[in-house]
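Chemist: Give me the fold of what follows.
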Amino acid sequence: MKNIIIRSLFSVLLAISFGAANANEIGISPQETHTLINQGDNVLFIDVRDPVEIMFIGFTDKVNLNIPYLMVDRSQWDAKKKRFRLYKNPDFITQVKAALTAQGLDESATIITMCRSGSERGLPSAKFLRESGFENARYVINGFQGGKLKKGAHAGLRIKNGWQNEGLPWKAKPNPSKIYRTDR
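Modeler: Residues are numbered from 1 along each chain as shown. Next up is the predicted model:
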């Protein structure tokens with residue numbers, strides 16, 4: 001019995017370690033992302049947020065395109081999370097492939113995804129891309145706006161890290177030629 005418990009505990013610890021290493025392996029800092037995209041070699045930089053979120057939070061023109069990973073279903077309310085239901089963009093892979101082709105890149109390119117904080121869409125979208133054959137998919141750690149402060153007068157505000165808080169280029173309004181749109 002003791003051996004079973006020890007083996008089970010070891011398996012859990014190994015799984016946790018592997019998950020953390022995997023996230024660290026595919027994560028890239030906002031500064032490293034900025035440097036890599038400025039070099040311009042074989043990189044596709046995608047903002048994976050819903051376009052409405054971008055309208056209210058901000059945008060960087062350094063991205064090649066906005067391709068939402070999770071989209072908002074405004075017809076269904078998620079009572080548990082107190083928000084509209086999110087669903088995976090069914091055309092995400094097709095849209096990423098089209099963006100690669102438009103940039104003259106292939107599936108071996110480095111694809112960097114960025115969401116608001118890096119956790120709900122950034123890391124999952126990079127993992128999904130890797131599972132779909134894009135071996136060089138990565139995500140921006142802490143995303144566009146970063147994590148929330150936990151203590152102090154500014155607790156709850158996203159002012160401690162992320163693209164926006166590291167002084168990298170951004171603006172309040174999205175670029176209409178790069179934002180995800182259904183009218184074209």
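Chemist: moving C-terminal of the helix or strand bottoming out on mean pLDDT in the chain, what's the next helix or strand?
Modeler: In the chain, no helix or strand scores lower on mean pLDDT, DSSP states H and E than helix 2-26, which sits at a mean of 45. Past helix 2-26, further along toward the C-terminus, the next helix or strand under DSSP states H and E is strand 27-28.
Chemist: now for the helix or strand just after that following strand, which elements pack on it?
Modeler: Going down the chain from strand 27-28, the next helix or strand is helix 30-39, by DSSP H and E. Helices and strands touching helix 30-39, by 3 or more CB pairs under 8 Å, 6 or more residues apart in numbering; DSSP states H and E, are strand 43-47, strand 110-114. (C-beta placed from N, C-alpha, C; glycine too.)
Chemist: check contacts around the spatially most central residue of the chain.
Modeler: For the chain, the residue nearest the mean C-alpha position is residue 122 (1.8 Å; CA atoms, centre = their mean). Residues near residue 122 by CB atoms under 8 Å, 6 or more residues apart in numbering: 48, 113-115, 139-141, 143.
Chemist: cool, residue 27 as well?
Modeler: Contact analysis of residue 27 by CB under 8 Å, 6+ apart lists 118, 123, 138-141.
Chemist: please redo it, this time with the cut-off set to 6 Å
Modeler: Residue 27 sits next to residue 141 when contact means CB atoms under 6 Å, 6 or more residues apart in numbering.
Chemist: before we move on, what about residue 155?
Modeler: With CB under 6 Å, 6+ apart, residue 155 has these contacts: residue 149.
Chemist: how far away is it from residue 105?
Modeler: Distance of residue 155 to residue 105, computed by CB to CB, to the nearest Å: 42 Å.
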